[in-house]
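S.K.: 3D model of this:
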Amino acid sequence: MKKILIIISGIFGLSILVITIFLYYMGMFISIDIKEKEMGPYTFAYIEHIGPYMEVGKPMMELDTQLREAGFNSVNGIGIYFDDPSKTPEDKLRSHIGSIITAKDMDKIEQYKDKFQFKTLAKTKYLVAEFPIKNQFSYILGPIRIYPAFSKYLNKKGIPIPNTGIEIYNMENNTIYFMMEYTK
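M.R.: Got it, this is the predicted structure:
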């Protein structure tokens, strides 16, 4: 019986160690550095999505495929999330998800304005934090780490917390840039 308990506790300890190493690798324990800086402008093709934020990946990939078939060479994605998921029912969450248009492809917008929706976010001041993209799990861990840090930062400064969060998925740098517009 003692041998079984020793083996079970060893397996449990090893499991905890493996999970901890994985979470460390994923960025779960990195320090969140929030900066106030100007970002943009960003012109992007997008689709409107209503429903759980966890379900935006598939329509984002479908739009990316359609854009590539039309000759766009987008590399970076964008998500604008309009509602606080802690205050809004999942089936009512609104977002615009899409692909950022490269400078080389800007001249194609006019030709495809009837096929795709386009929008530009002006250059403005945002709260910005970065999170590494290691794999698909990064898209879950990033918001879990960043949005509470934004809330804490804004609360400390006495600034109201906006509902809208913006995420730039920079695939060239394997980084998610989390942005939140705010007013002082």
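S.K.: can you show me the strands along this structure?
M.R.: 35-39, 42-50, 77-81, 94-100, 117-121, 124-132, 165-170, 175-181 (DSSP state E).
S.K.: for those strands, give me JSON lines that also has mean neighbour count, distance to Ser9 and mean pLDDT.
M.R.: (C-beta placed from N, C-alpha, C; glycine too.) Listed next are the strands of the chain as JSON lines, based on neighbours: other Cβ atoms under 10 Å; distance: least, Cβ to Cβ, whole Å; pLDDT from 0 to 100:
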{"stretch": "strand 35-39", "mean neighbour count": "12", "distance to Ser9": "44", "mean pLDDT": "94"}
{"stretch": "strand 42-50", "mean neighbour count": "19", "distance to Ser9": "46", "mean pLDDT": "97"}
{"stretch": "strand 77-81", "mean neighbour count": "23", "distance to Ser9": "43", "mean pLDDT": "97"}
{"stretch": "strand 94-100", "mean neighbour count": "22", "distance to Ser9": "45", "mean pLDDT": "97"}
{"stretch": "strand 117-121", "mean neighbour count": "14", "distance to Ser9": "53", "mean pLDDT": "96"}
{"stretch": "strand 124-132", "mean neighbour count": "19", "distance to Ser9": "33", "mean pLDDT": "95"}
{"stretch": "strand 165-170", "mean neighbour count": "21", "distance to Ser9": "41", "mean pLDDT": "96"}
{"stretch": "strand 175-181", "mean neighbour count": "21", "distance to Ser9": "38", "mean pLDDT": "95"}
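S.K.: compare those strands and give me the one nearest Ile4.
M.R.: strand 124-132 (40.3 Å; Cβ to Cβ).
S.K.: what residue ranges in the protein score low on pLDDT?
M.R.: Applying pLDDT under 70 to the chain picks out residues 1, 5, 7-8, 10, 13-14, 24-26, 184.
S.K.: show me where it has its helices.
M.R.: Taking DSSP state H, the helices of the chain run over residues 2-26, 57-69, 109-112, 138-157.
S.K.: nearest to Tyr46, out of those helices?
M.R.: Each of the helices of the chain has some distance to Tyr46 by Cβ to Cβ; the shortest is helix 57-69, at 7.4 Å.
S.K.: in that closest one, which residues are buried?
M.R.: Using 16 or more other Cβ atoms under 10 Å as the test for burial, helix 57-69 gives 59-60, 63-64, 66-67.
S.K.: how far is that helix from where the chain is centred?
M.R.: Offset of helix 57-69 from its chain centre (Cα atoms, centre = their mean, to the nearest Å): 16 Å.
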